[in-house]
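Participant: Here's a sequence, model it:
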Amino acid sequence: MGDLVHGGHRTPLASGRTLFDFADELAMVVPDTCRRTGRCRECVVEVRTGEGALSAPSAAEDYLRPPFRLACQARVEDDAGDVEIAVLRRRLQIVSAAGGEAALARPTELDPAVRREGDRVLRGDVDLDGYRGALLGVAIDIGTTTVVLEVVDLETGERLYRAAIENPQRFGGSDVISRIEYDTAVDPGELRRALRRALDHELKAAYRELGVDRRTVHEVVLVGNPTMRDLALGLDVRSIGARPFRSVSETARRAGLRRSTAVTRRGHEVGLFVHPAAVVYGGPLIGSHVGADVAADIAAVAMDDGPGVSMLIDIGTNSELVLRVGDRWLAASCPAGPAFEGGLIAYGMQAVEGAIQSVRLVNGGFVWRTIGDVQPLGLCGSGLIDLLAELRRGERMTLNGRLADGAAEVVVAPETGVQLTRRDVSLLAQAKAANSSGQAILMERLDIRPTDIDRLWLAGGFASYVDVPNAIAIGLLPPVPEDRIVKVGNASLAGASRVLRSLRARRALESLVERIEHVELELDPSFFDRFVDGCRWLPQPQEAPA
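Facilitator: Residues are numbered from 1 along each chain as shown. You can find the predicted model right below:
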């Protein structure tokens, strides 16, 4: 008899039971508000192995493509082999870099768009509602892989609650182009509904913990890349998937039909569990695939303050770069794919408990550490970077990515089978090359060398764990002196929270975004050659090419 496997836990399979029936035994938190009829579409799981042991998809699952199923519909028909599953909407660890919170603590005058006067709540001169014991706002950062939100007291500026979950839209694809295709050709609107259900679930949990009513939330600031932002707001995303890859709001702004690429909706229009008349503010976009999340990064790290040369790198499924030299700003998006966030990698995973976050090669064997100090289940981005650097350092991988002795894989943790395959190395090389090519092109455009950069901000949850010397050693980061590099964790959420607290900061960011030049890397004549060179595992040059 086989087992059902989830998160390292096992329980014997039993024919006739649905995957949902095993939830308690495997400590799975599987959302469900329709009493397991398949109508709510909340209990999506990924079937990693053993799909053949399950019943055929029901009509309620028509919108899902393999390997995704509804746990309440997928029934065990053959209990002879193992079936491994993963829940899509897992709660995640909030990632903060050491010193990152302090680096983001720039002074912000409390100047929210809504205010209390006596027993009334006002926006400008408009009376919104009576005061219900609190005046709250919510900041939300929607990443392709991870969604983070926080609840803020708009009377004191205090952060009251924070949570992170996996983006439940993963059944629509691991990258933005796949999700655009899904939303336009497979099941229009379902990705937005999946995200809304997940966000509302977290908001309800926040209100229970804080003892407040949803009608106390009068303002929401939402950021993300253009696809994630527009999907959340219910905008048509087809134009983002085809050249020149622009949101409908960017196209309207360029045509002079809008003052800004920022978008506002009401809470009831978006479907968020907040005051129905609350304003949901979708942050301004920079251009093409460089979105409101990067604009929020800039707001968070005060990149516009002072002279000198500064660079911001937000490494993710779609990595973004911003380079500032005095008054000149350039930005670009690197189509890196999800490899460094664990996507498509055989034993890749997000930075959750059980993920190997650091690796060292000692006396021919690997010494690793996992998040939570538990048995290893896989490798997250920082662990992959360490592993690649150690394989190069120990001459167990060539510059071209071939493993020593022609091996098909390298076993990192024999006790649980965690390994890195030749295919994994190839995917990671392409992701690394996309990042390094973009960095080099922006520096060349402004005649900058890595050693000219006065401050390099590393944003994103993944960057918080990265060993900087190892990232430089494999060419993922430019060789900037380490004392000039600052990890800032989820700067996008911090920036969203800043413009939630301050209307002046919001207006300043909208103005700044208009000055940033967007660079389409694929149109640069050197991009292809740089990409090919970038697939090799060696550091970037100290000097920018002439």
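Participant: Could you tell me the phi and psi values at residue 16?
Facilitator: phi 90, psi -20 (degrees, to the nearest 10).
Participant: Let me see the contact set for it.
Facilitator: 75-76 (C-beta atoms under 8 Å, 6 or more residues apart in numbering). Glycine gets a C-beta too; all of them are placed from N, C-alpha and C.
Participant: quick one: pLDDT of it?
Facilitator: Looking at residue 16, its pLDDT reads 95.
Participant: what's the distance between it and residue 77?
Facilitator: Distance, residue 16 to residue 77, using C-beta to C-beta, to the nearest Å: 8 Å.
Participant: Ok, residue 386 next?
Facilitator: From residue 386 to residue 77 the distance is 42 Å (C-beta to C-beta).
Participant: and what of residue 152?
Facilitator: Relative to residue 77, and taking C-beta to C-beta, residue 152 is found at 49 Å.
Participant: who's more crowded, those two?
Facilitator: residue 152 (25 against 13; other C-beta atoms under 10 Å).
Participant: Just give me the neighbour total for residue 126.
Facilitator: By other C-beta under 10 Å, neighbour count at residue 126 equals 9.
Participant: er, residue 522 I mean
Facilitator: Quick note: residue 522 (other C-beta under 10 Å) scores 14 neighbours.
Participant: What residues of stretch 147-166 count as buried?
Facilitator: 147-154, 157, 161-166 (16 or more other C-beta atoms under 10 Å).
Participant: Does the nearest residue to residue 38 once chain neighbours are set aside belong to a helix, a strand or coil?
Facilitator: Counting by C-beta to C-beta, 6 or more residues apart in numbering, residue 38 lies nearest to residue 60, which is 3.0 Å off, once chain neighbours are set aside. Put simply, residue 60 is helix when judged by DSSP: H, G, I helix; E, B strand; the rest coil.
Participant: Please enumerate the strands of the stretch 1-150 of the chain.
Facilitator: Using DSSP state E, counting those that start in this stretch, the strands found in the stretch 1-150 of the chain span residues 3-6, 9-12, 44-49, 68-70, 83-87, 114-117, 120-123, 126-130, 136-142, 146-153.
Participant: The stretch 401-546 of the chain too?
Facilitator: 409-413, 418-421, 455-459, 485-489, 517-519.
Participant: Looking at those, spot the one closest to residue 24.
Facilitator: Residue 24 lies closest to strand 418-421 among the strands of the stretch 401-546 of the chain, at 27.3 Å (C-beta to C-beta).
Participant: ok, residues contacting the closest one?
Facilitator: 345-347, 356, 376-379, 384, 387, 408-412.
Participant: Let's check: the centremost residue of this protein is which one?
Facilitator: residue 143 (3.2 Å; C-alpha atoms, centre = their mean).
Participant: Hmm, residue 227 and that residue touching each other?
Facilitator: No - in this structure, residue 143 is not within contact of residue 227 by C-beta atoms under 8 Å, at 11.0 Å.
Participant: Which parts of this structure belong to which domain?
Facilitator: Residue ranges for the domains of the chain, per automatic domain parsing: 3-87, 100-294.
Participant: Just send these back as a markdown table, with distance to residue 339 too.
Facilitator: What follows is those, written out as a markdown table (distance: least, C-beta to C-beta, whole Å):
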| stretch | distance to residue 339 |
| --- | --- |
| domain 3-87 | 17 |
| domain 100-294 | 10 |
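Participant: what's near enough to touch residue 273?
Facilitator: Contacts of residue 273 by C-beta under 8 Å, 6+ apart are 199-200, 203-204, 207, 214.
Participant: and residue 327, backbone torsions?
Facilitator: Dihedral angles for residue 327 - degrees, to the nearest 10 - are phi -90, psi 0.
Participant: Not counting residues beside it along the chain, what's closest to it?
Facilitator: Among residues not flanking residue 327 along the chain, residue 515 sits closest, at 7.7 Å (C-beta to C-beta, 6+ apart).
Participant: That neighbour and residue 329 touch, don't they?
Facilitator: Yes - between residue 515 and residue 329 there is a contact under C-beta under 8 Å: 5.7 Å.
Participant: Give me the more crowded residue out of the two.
Facilitator: residue 329 (21 against 11).
Participant: and the more buried one, what element?
Facilitator: strand 328-334 (DSSP states H and E).
Participant: pLDDT on that strand, on average?
Facilitator: The model assigns strand 328-334 a mean pLDDT of 96.
Participant: buried set for it?
Facilitator: For strand 328-334, using 16+ other C-beta under 10 Å, the buried residues are 329-334.
Participant: Kindly report the same for stretch 340-352.
Facilitator: 340-345, 347-352.
Participant: any idea which of those is closest to residue 32?
Facilitator: Relative to residue 32, the closest of the buried residues of stretch 340-352 is residue 352; by C-beta to C-beta it sits at 21.6 Å.
Participant: on that earlier part again, now do the same for the residue nearest to residue 327: its pLDDT.
Facilitator: 96.
Participant: any idea how far residue 407 is from it?
Facilitator: Distance from residue 515 to residue 407, by C-beta to C-beta: 50 Å.
Participant: low pLDDT regions in the protein?
Facilitator: 91, 93-107, 543-546 (pLDDT under 70).
Participant: Relative to its centre, which residue of it is most distant?
Facilitator: Farthest-out residue of the chain from its mean C-alpha position, per C-alpha atoms, centre = their mean: residue 118, at 40.1 Å.
Participant: What is the neighbour count of the closest residue to that one other than its chain neighbours?
Facilitator: Of all residues not flanking residue 118 in the chain, residue 131 sits nearest, at 7.6 Å (C-beta to C-beta, 6+ apart). Per other C-beta under 10 Å, the neighbour tally for residue 131 reads 15.
Participant: Surely residue 131 is in contact with residue 114?
Facilitator: No - look at residue 131 against residue 114 with C-beta under 8 Å: they stay out of range, at 10.9 Å.
Participant: just the helices in the stretch 251-400 of the chain please.
Facilitator: Taking DSSP state H, counting those that start in this stretch as the test, the helices found in the stretch 251-400 of the chain are 267-270, 292-301, 381-393.
Participant: Summarise which helices and strands the longest one is packed against.
Facilitator: Judged by 3 or more C-beta pairs under 8 Å, 6 or more residues apart in numbering; DSSP states H and E, helix 381-393 is in contact with strand 355-362, strand 365-370, strand 409-413, helix 422-445, helix 461-465, helix 468-473.
Participant: tell me which residues of stretch 384-400 are tucked away?
Facilitator: 384-392, 397.
Participant: Would you list the phi and psi of the closest residue in space to residue 245 that isn't next to it in sequence?
Facilitator: Nearest residue to residue 245 in three dimensions, chain neighbours excluded: residue 288, at 4.4 Å (C-beta to C-beta, 6+ apart). Per-residue torsions, residue 288: phi 50, psi -120 (degrees, to the nearest 10).
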